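Trainee: need a 3D model of the following:
(2 chains)
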Amino acid sequence: MCDIRTRFAPSPTGFMHVGNLRTALYAWLLARSGKGSFVLRIEDTDQNRYVEGAVDIIYSTLKQAGIDHDEGPDNGGKYGPYIQSERKPLYKEYAQKLVELGGAYYCFCEKCEDPNDGTEENKNEFSDGRCPGHCDELSPEEIKAKLDANTPYMIRQRIDRSGATMFSDAVFGEIEIENKVLDDQILLKQDGMPTYNFANVIDDHLMGITHVVRGCEYLSSTPKYNLLYKAFGWEIPSYVHLPLIMGKDAEGNVSKLSKRHGSVSFENLVEEGFLPEAIVNYIAFLGWNPKSDREIFSLPELAEAFSLAGLNKAPAVFDYTKLRWMNSEHLKMMAPEKFAALAKPFAKISGTALEEKWPILAELIRSRIETLVEIPEKIAFFHELPQFGADMFNNKKSKCTPEIAKSILEELIPKFEALAELTPDTVNPLIESCAAERGVKLGQPMWAVRISLSGLPATPGGPAEIMNVLGKEESMRRLKAGLAML
RNA sequence: GUCUCCAUCGUCUAGAGGCCUAGGACAACGGGUUCUCAUCCCGUCAACAGGGGUUCGACUCCCCUUGGAGAUGCCA
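Mentor: Predicted coordinates for the structure are as follows:
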């Protein structure tokens, strides 16, 4: 048996939907879990839907996700070109060959003005699956005459509507569809471009794709593709149809994941502070599981664990809450330097006093966020002390009052002042002995100092950590200001 | 309308006839550790859509119903 070859064939129509990314991931995983190859092919046969820059988004998304391709438009390969618009003459050639083989016919019907007009509901009552003008019955002479007169044409698949087509899918098993429900689909459009239905078959064959991994929206048209392979006398690839990714709206209705459910593109999620590796980890588990209880995986670990047997049939609902949890897990696993570098742009501290202390600060907030966008609000009080009154010093649990806080600050400020540097190592012993001498719980002086430094009842880290980040000068200024209000 | 597919806690899922008084994870709730918050640890709540078969025995196999999704484009 030859090596597995899979492909990802996106259309450059804009952002990368996580459903598409998951398809790419599984195709890649399938190739990488063996010693196979992974091919990137750009399917730009619909010029109307082409979006400028979309190809770059595809490259950058795959790169950020860690999904590398062995062959593609940018790095070449022996089956190129890998952009369908550049393969245009090829499709016409094969379409004409298919006509000769009897698997297709020229159709000279007028372009349908409005695809959404009228009788869609009852279309099967009027449609027999053939072209509306029954061009499949045209004689060779009639066809030649029209062709010679330069009549615009397209090429349709000629389907023998007797019998049934059966195929086996790696996920869904055996599926049988009666040929009489199949339509003579258009293979080559009037503009000479192939449709997905055609280009896909030609390219997958020519590029030696062994396993076609795609969404299960293609499940019911697969027989048509198989008939095409058969007409050409080509070997039919293995199919891996993936269950859809769903979204749930506020009313609890489930439907195909779209913008109304939240961010659905990879780049949006990254902007919202999700890590590429967390997104990849999460979507890998939408429709697949490793048959163990483990859930946190890096990309290489996924490649190691991946198997078609773990694929699921039922559609899965995208759960942002679980993604957040998974993101926080990846955040915690990350090396400190890596986290600091990655989180810095989100912190918006460039050019501020905090920039120098960022590595320390980053470690303080790391376990307290689920996404990177939460950072600014968490560190706001470092930039500027919030407004607060003396009653903030009241705390039941640590039995602190403004009066007590006053005496604590009066005692501690000179001691802090005497220190060369304010770090947990130097500050904490002073606060601890303060509590010990007073015979109170540590929480009491901690509270008094924390409030004075931050104006906040809850802070990332404790007073000593805050002072460490704030620096001696700013720390002392805040402590004195706190004392002054008491 | 027609065709195809799917169906276990709110969500992601384990389960390939007895191991299931249905397991794990997220969320929620409660508790513990801790100077606050968070982390971490422990616990609680929570599901086999319904009905028929087959079988000594069904979450697992078959059928029907119901519900959901997809296809039915000169989109992919």
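Trainee: A:F393 is in contact with A:A405, correct?
Mentor: Yes - under the criterion of C-beta atoms under 8 Å, A:A405 makes contact with A:F393 at 3.9 Å. Backbone N, C-alpha and C define where each C-beta goes, glycine included.
Trainee: so what's in contact with those two at the same time?
Mentor: Common contacts of A:A405 and A:F393 (C-beta atoms under 8 Å, 6 or more residues apart in numbering): A:W447, A:A448, A:I451, A:S452, A:L486.
Trainee: what is whichever strand or helix holds the first one packed up against?
Mentor: Secondary-structure assignment from DSSP states H and E places A:W447 in helix A:443-454. Counting by 3 or more C-beta pairs under 8 Å, 6 or more residues apart in numbering; DSSP states H and E, the packing neighbours recorded for helix A:443-454 are helix A:402-418, helix A:424-438, helix A:463-484.
Trainee: RNA strand B contacts on the stretch 101-250 of chain A?
Mentor: Counting by C-beta under 7 Å from any atom of the strand, the positions of the stretch 101-250 of chain A adjacent to RNA strand B are A:109-112, A:115, A:121-124, A:154, A:172-173, A:175-178, A:181, A:183, A:185-186, A:189-191, A:193, A:195-197, A:216-221, A:243-244, A:246, A:248.
Trainee: so which of these are in strands?
Mentor: Those of these mapping onto strands are A:M154, A:G173, A:I175, A:E176, A:I177, A:E178, A:I186, A:M246, A:K248, per DSSP state E.
Trainee: the residues you listed, buried ones only, as a ChimeraX selection?
Mentor: To isolate in ChimeraX the members of those that are buried, counting by 16 or more other C-beta atoms under 10 Å, one can use:
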select /A:154,175,177,186,246,248
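Trainee: and the ones in strands among the residues of the stretch 101-250 of chain A next to RNA strand B as CSV, adding distance to A:E377?
Mentor: Putting those into CSV (distance: C-beta to C-beta, whole Å) gives the following:
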residue, distance to A:E377
A:M154, 57
A:G173, 50
A:I175, 51
A:E176, 57
A:I177, 54
A:E178, 59
A:I186, 54
A:M246, 31
A:K248, 27
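Trainee: of the ones in strands among the residues of the stretch 101-250 of chain A next to RNA strand B, the lowest pLDDT goes to which?
Mentor: When those are compared on pLDDT, A:K248 comes out lowest, with 85.
Trainee: which residues does that residue contact?
Mentor: Going by C-beta under 8 Å, 6+ apart, A:K248 touches A:V254, A:H261, A:V317.
Trainee: kindly recompute the last result at 6 Å.
Mentor: Applying C-beta atoms under 6 Å, 6 or more residues apart in numbering, we find A:K248 in contact with A:V254, A:V317.
Trainee: strands of chain A, start to end?
Mentor: Remark: strands assigned in chain A by DSSP E are A:5-8, A:37-40, A:104-107, A:154-157, A:164-169, A:173-178, A:186-188, A:211-215, A:238-242, A:245-248, A:254-256, A:316-317.
Trainee: what residues of the fourth one count as buried?
Mentor: What that stands for is strand A:154-157. Buried residues in strand A:154-157, counted by 16+ other C-beta under 10 Å: A:M154, A:I155, A:R156, A:Q157.
Trainee: ok, for the one residue in chain A that gets nearest to RNA strand B, nearest residue in space, not its chain neighbours?
Mentor: Across chain A, no residue is closer to RNA strand B than A:G462, which sits at 2.3 Å (C-beta to the nearest atom of the strand). Closest residue to A:G462 apart from its sequence neighbours, by C-beta to C-beta, 6 or more residues apart in numbering: A:M446 at 6.2 Å.
Trainee: burial measure for A:G439, as a count.
Mentor: For A:G439, the neighbour count with other C-beta atoms under 10 Å is 6.
Trainee: if you could redo that for A:P73, that was the one I meant.
Mentor: With neighbours defined by other C-beta under 10 Å, the count for A:P73 comes to 18.
Trainee: I figured it hits A:P81, correct?
Mentor: No - with contact defined as C-beta atoms under 6 Å, A:P73 and A:P81 do not form a contacting pair (7.1 Å).
Trainee: how about the residue nearest to A:P132 when sequence neighbours are not counted, what does it touch?
Mentor: Leaving aside its sequence neighbours, A:P132 sits nearest to A:C109 (C-beta to C-beta, 6+ apart; 5.4 Å). By C-beta under 6 Å, 6+ apart, the residues touching A:C109 are A:C131, A:P132, A:G133.
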